[in-house]
Every structure is written in structure tokens, then in C-alpha cells.
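Asks: for reference, the sequence and a predicted model appear below.
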Amino acid sequence: MVELLRPLLGYARGGGADARWVVISGDAQFFTLTKRIHNHLHGVDGDGGGLGEDQRTLYEGALERNASELSGLVRPRDVVILHDPQTAGLVRSVLEAGATVIWRCHVGLDVANDIAREAWSFLRSYVTEADAYVLSRAMFAWEGLERERIAVIQPSIDAFATKNADQTAEQSTAILARAASSPAPRPPPPLRPRLGDRQPEALGEALDQIVDGESGLLVADRAICVSSASSPRR
């Protein structure tokens, strides 16, 4: 999440958009639970724990404290993008503050199983009130979500980051050798478009202008991204 949001917010702010990032807090129990939900969305049992009423009480209690603080930062005409299961329980409080709410889920499963459906059941009552849902793949769409509110946007990357730059065969071989791997064959041509050798002097240089209301995009005073401090791994 950090890798996605840090450059994207830089681009937006460099282009003149009032975009900002808020990180929620929670104790170890809360993040153990949200990691369990994350794993279940992937169809994996994870730590084997349940998603019952005790877990719901824990989840809502942790987010209630965050909602109180967040509502003081949000104002009408803001667009708030809530990321992943950790923030789903904030949808209603942000709506009550007068903002437009988009819930973005970066994880999912192409073929759902009962474990994934358990996570859907746990989160659905929080998520369904959002104005829109953004998923990384069309197959990640849950049963019970309104299809007309779903948008599919693939995960964004920073095209100017070192890890996304083209590299020579010699560089690839050197990296693999350093990692004690076997010698690598010459890499195939890159599948992504080349962006040229010029690197931006500043993050905002990549945006020349901000589209206005005639573009068909939602016009807002500010955009606020809300995520947890770190994204759990399977």
C-alpha cells in the first residue's frame, strides 16, 4: 500500500489536487484480525481463527476510535478512498461527515470458496453503503455488491521507480548472481510501454493539468486516502 500511495499522492499534489493520506491505528489484536480477514479474502484459512460476533465487536471498537478522529478531518465535498478490509468499517462515519466514499479492495479470489464468503459476510454490511467499489479484478466482485457501483482498476505502480525501469541482460545476470541464483538467460523485451530515459525532477512533473468537471470525473474539494499502517501478507 505504501508503495502505491506514496508516489500517486505525490503526482496528484504536484498537479494541484489537494490529496492527502491518513493512516488508521489499532492494537495487535485488531491487526491480527484484519490479517485473518485479508487471508480469508484470498480463500486461505490463515491462523484458523473465526469471524464471529466477538471478532465483530473487536473490529468495530478499534474503528470507532479511528472514526472519531477521522470525522474531524473530513468535510463535505471530500472524496475519501478507504483501502482494504482494515478501513471498511469507516464507511458509514465518513458518509455522515458529508463525503463521497469509495472503498477499494486490492485482494480477492477468482473462484470464491466458503472461506472467502465468510469474509464477505463479515464485511458486507460495512461496505455496501459506499458510493462506489474499486476492485483489482472483475472476478474479485462479491456476491451481493451492486454491479453498477463496481469499477475495476488494476493496481497502480510508479512508472519512474527504479524497480520498474528497464534493465540490461548484464544487470539481470548480476542481480541473480548476487542472489546466488543460477545464471539467467537474456531477458525478453519488456511487455510494458517504454517511457523513455527522462526521469521527472519532481513527482508532480508527470501531471500537466487537472481535469475539470466536464471530464465526467467526480469533482471534489479534496481527495483523502485512508489505509492501515501496513498491508498484511498471506
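Replies: Here it is on my side, so go on. Not measured: the values here are computed from a predicted model.

Asks: ok, which stretches of this structure are helices?
Replies: 2-14, 28-41, 53-71, 84-87, 91-96, 114-127, 169-178 (DSSP state H).

Asks: so which of the ones you listed is nearest Val107?
Replies: Closest to Val107 of the helices of the chain is helix 28-41 (CB to CB; 4.9 Å). From N, CA and C alone the C-beta is placed, and that goes for glycine too.

Asks: in TSV: the helices of the chain, plus mean neighbour count, mean pLDDT and distance to Ala159.
Replies: Converted to TSV, these look like this (neighbours: other CB atoms under 10 Å; pLDDT from 0 to 100; distance: least, CB to CB, whole Å):
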stretch	mean neighbour count	mean pLDDT	distance to Ala159
helix 2-14	17	83	9
helix 28-41	21	95	27
helix 53-71	16	93	31
helix 84-87	26	92	23
helix 91-96	18	94	30
helix 114-127	18	94	30
helix 169-178	12	86	18
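
Asks: what would those look like in CSV with distance to Pro155?
Replies: As requested, the helices of the chain are exported to CSV (distance: least, CB to CB, whole Å):
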stretch, distance to Pro155
helix 2-14, 6
helix 28-41, 15
helix 53-71, 24
helix 84-87, 12
helix 91-96, 21
helix 114-127, 19
helix 169-178, 23
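
Asks: among those, which comes closest to Ala151?
Replies: When those are compared by CB to CB, helix 114-127 sits nearest Ala151, at 14.0 Å.

Asks: contact partners of that closest one?
Replies: Helix 114-127 is touched from outside by 37, 40-45, 51, 55-56, 85, 88-89, 91-92, 103, 108-109, 112, 133, 142-145, with contacts defined as CB atoms under 8 Å, 6 or more residues apart in numbering.

Asks: picking that back up, closest to Lys163 out of the helices of the chain?
Replies: Comparing the helices of the chain under CB to CB, the one sitting nearest is helix 2-14, at 8.9 Å.

Asks: helices and strands around that closest one, which ones?
Replies: In terms of contacts (3 or more CB pairs under 8 Å, 6 or more residues apart in numbering; DSSP states H and E), helix 2-14 is packed against strand 19-23, strand 222-227.

Asks: ok, the residue nearest to Asp27 when sequence neighbours are not counted to Arg20 distance?
Replies: In this structure, Asp27 finds its nearest non-sequential neighbour in Ala62, 7.0 Å apart by CB to CB, 6 or more residues apart in numbering. Ala62 is 22 Å from Arg20, where distance means CB to CB, to the nearest Å.
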